[in-house]
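> What follows is a predicted structure for the sequence shown.
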Amino acid sequence: MPSTHARRPELGLWLRVFASVGFLAVVALALVGAEAVFLGLITYGFLVAAGTVAVHALGDAAAAVAAVVAYALLLAVVVAAYTAARESDAGLAVAPNLLVYGNVALVVASLAATYLLLDWLGVPGWVFAGLVLSLVATVYPMVAYQTAGGLTGDDGDDDSPPWATGVDPAEEPAPRERAAILAGQFRSTVAAAVTRLGPRWTLLSCLAAVGGLAAVHRLAAVRSLSGTVLPVTVAVTALVVAGHVADVVRTELADAAVLRELDAAGRGADRGTTASLDERVTRLAAQADVPAPEVQVVATATPTAGAVGYRPECSTIFLSTGLLETLETAELEAVLAHELAHVANRDAAVLTALSFPRVAAARAFDRYGINPVMALLTGVVVVAARFCTAVVARAREFAADDGAVAITGDPAALASALETLDAAVARRPRADLRSVAAFSIVPPAWETHRFFDRTRRFIYRGLLGTHPPTATRVERLRREADEREARL
């Protein structure tokens with residue numbers, strides 16, 4: 001049975017992988033920490049305000065409990081409003097004022113956190129003012145341009161962020177309809193949580209909530225309201241952030257974000273074509289000694305292929321309709337073997353994991369709207385994710401080429417497929433499936449720019465390039481084909 005590892009990976013390659021994953025984990029945790037700080041400042045301010053209002057009528061202990069309950073209800077309503085704004089046809093019109101107030105609170109909290117950090121570091125106040133002005137002057141025009149549809153990243157997409165969408169004023173829902181949408185979203189969220197937790201854990205969660213409120217009551221009775229707000233803020237913020245992170249990770253492990261992006265592109269092959277591909281992949285997977293991945297055909301004219309998934313038995317190989325129309329039988333089998341080698345070598349799992357912080361950062365940007373501080377932080381995460389993905393992906397393409405040759409025994413077929421795909425991609429739209437470019441078998445076509453073309457090429461094809469030059473891979477495969485012929 002042929003091995004998919006024609007050349008043993010060097011120690012330096014795995015060190016590169018571990019270093020990339022570790023660095024990206026640190027950057028992602030910094031983003032999570034920033035979100036926690038922003039939410040903590042909002043929580044603290046709300047609890048102080050609500051407790052101050054309630055303390056005169058209820059006393060310290062009851063006021064503290066009332067403030068926590070009010071905060072929980074407000075948070076539930078805001079989450080329901082944001083989710084409804086994303087999923088409802090009405091979009092932002094579902095709860096415009098609530099979402100605007102929420103974004104304003106987050107902007108204020110992020111600026112307050114920045115000021116407190118600079119003050120703690122002993123930085124003069126004028127530096128904070130200059131930083132704010134720089135962020136606003138840099139971020140807002142870029143976001144406005146992107147919202148208008150004039151800007152897309154090198155491997156981004158053309159979708160506007162959800163907070164930028166709206167509806168025709170004439171079609172805005174009536175207040176009663178808005179309330180019905182929010183109530184329905186809240187009920188569906190609760191029902192989904194109960195279904196996911198099950199009766200036992202739902203009961204335990206309710207008991208834990210009651211116990212937490214009892215603890216807040218006891219703490220306020222002993223330490224007064226002012227002495228209770230800070231520890232309660234820390235506890236509530238930690239609970240909310242931990243729950244959010246756990247839900248994001250659970251969703252990612254159950255259905256990778258890259259697969260959701262592919263699903264959004266749509267399926268584009270009839271059942272007979274899919275069955276034929278399944279049969280080929282099953283046969284090649286048996287030769288490679290790996291579980292046969294699912295095959296998904298994406299409806300796009302751009303010829304592309306890739307492998308996604310965290311575990312070999314749950315991985316997915318995606319092929320475009322353009323690729324199926326472009327390649328001959330031997331070339332198609334070589335491409336399938338290349339993607340199977342990615343699955344066998346765990347490259348698909350590593351790249352899928354490395355793509356997750358980028359998607360999470362984009363979601364954070366969507367949640368916070370036009371927030372200059374959060375835009376800067378999410379931008380750092382996106383660039384770091386792109387760089388780490390590039391470092392790993394470039395090195396793994398050669399190993400996958402070797403694995404494909406080990407499976408099929410035909411390096412010339414893979415070389416021919418790479419040449420055909422590279423030429424075909426150059427004739428297709430630049431923005432098509434750019435979000436999964438790191439997973440594709442060949443890099444997207446390069447568009448020549450009027451200004452700073454060499455600098456852009458160095459950044460996007462050198463520092464952030466996810467593939468080695470196709471010509472280098474083809475030359476390497478041709479050389480191996482010649483060596484095989486010479487040995488016969």
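Ah, there it is. Numbering: from 1, shown residues only.
> Which of the helices and strands in this protein ranks last by mean pLDDT?
Every helix and strand of the chain was ranked by mean pLDDT, DSSP states H and E. The lowest is helix 257-265, at a mean of 59.
> what's the following helix or strand after it?
Counting by DSSP states H and E, the element after helix 257-265 in chain order, helix or strand, is helix 271-288.
> So which residues make contact with that next one?
1-2, 4, 269, 291-293, 295, 297, 317, 319, 324, 332-333, 336-337, 340-341, 344, 403, 407-408 (C-beta atoms under 8 Å, 6 or more residues apart in numbering). Every residue, glycine included, has its C-beta placed from N, CA and C.
> List the buried residues for that helix?
Burial within helix 271-288, assessed by neighbour count using 16 or more other C-beta atoms under 10 Å, is assigned to 274, 277, 280-281, 284-285, 287-288.
> could you point out which element follows the helix or strand harbouring S205?
S205 belongs to helix 175-223 when assigned by DSSP H and E. Next helix or strand after helix 175-223 toward the C-terminus (DSSP H and E): helix 226-254.
> and that next one with helix 175-223, angle?
130 degrees (axes from the mean of the first three to the mean of the last three C-alpha atoms, to 10 degrees).
> List the buried residues for helix 226-254?
228-229, 232-233, 235-237, 240-241, 244-245, 248, 252.
> next one: stretch 373-392
Neighbour-count burial for stretch 373-392, counted by 16+ other C-beta under 10 Å, picks out 373-378, 381-382, 384-392.
> Equivalent analysis for stretch 50-58, please.
Buried residues in stretch 50-58 (16+ other C-beta under 10 Å): 50-51, 54-55, 58.
> and what of stretch 78-85?
Using 16+ other C-beta under 10 Å as the burial criterion, the residues of stretch 78-85 that qualify are 78-85.
> Which entries within the contacts of helix 271-288 meet the buried criterion?
4, 269, 292-293, 295, 297, 317, 319, 324, 332-333, 336-337, 340-341, 344, 403, 407-408.
> So which of these sit within helices?
Under the assignment DSSP state H, the buried ones among the contacts of helix 271-288 contribute 324, 332-333, 336-337, 340-341, 344, 403, 407-408 to helices.
> possible to save the residues you listed as CSV with distance to G306?
Below are those laid out as CSV (distance: C-beta to C-beta, whole Å):
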residue, distance to G306
L324, 14
L332, 14
E333, 16
L336, 11
A337, 14
L340, 12
A341, 12
A344, 15
G403, 15
I407, 17
T408, 18
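> Next one: V474 from A424, what distance?
Distance of V474 to A424, computed by C-beta to C-beta, to the nearest Å: 14 Å.
> Could you confirm A307 falls within a strand?
Yes. Read with DSSP: H, G, I helix; E, B strand; the rest coil, A307 is one of the residues of a strand.
> Identify the bridge partners of it.
Beta bridges link A307 to I317, judged by DSSP bridges.
> and it, how many neighbours does it have?
Counted with other C-beta atoms under 10 Å, residues neighbouring A307 total 27.
> Hmm, it is touching H342, no?
Yes. If you go by C-beta atoms under 8 Å, A307 and H342 touch, sitting 4.3 Å apart.
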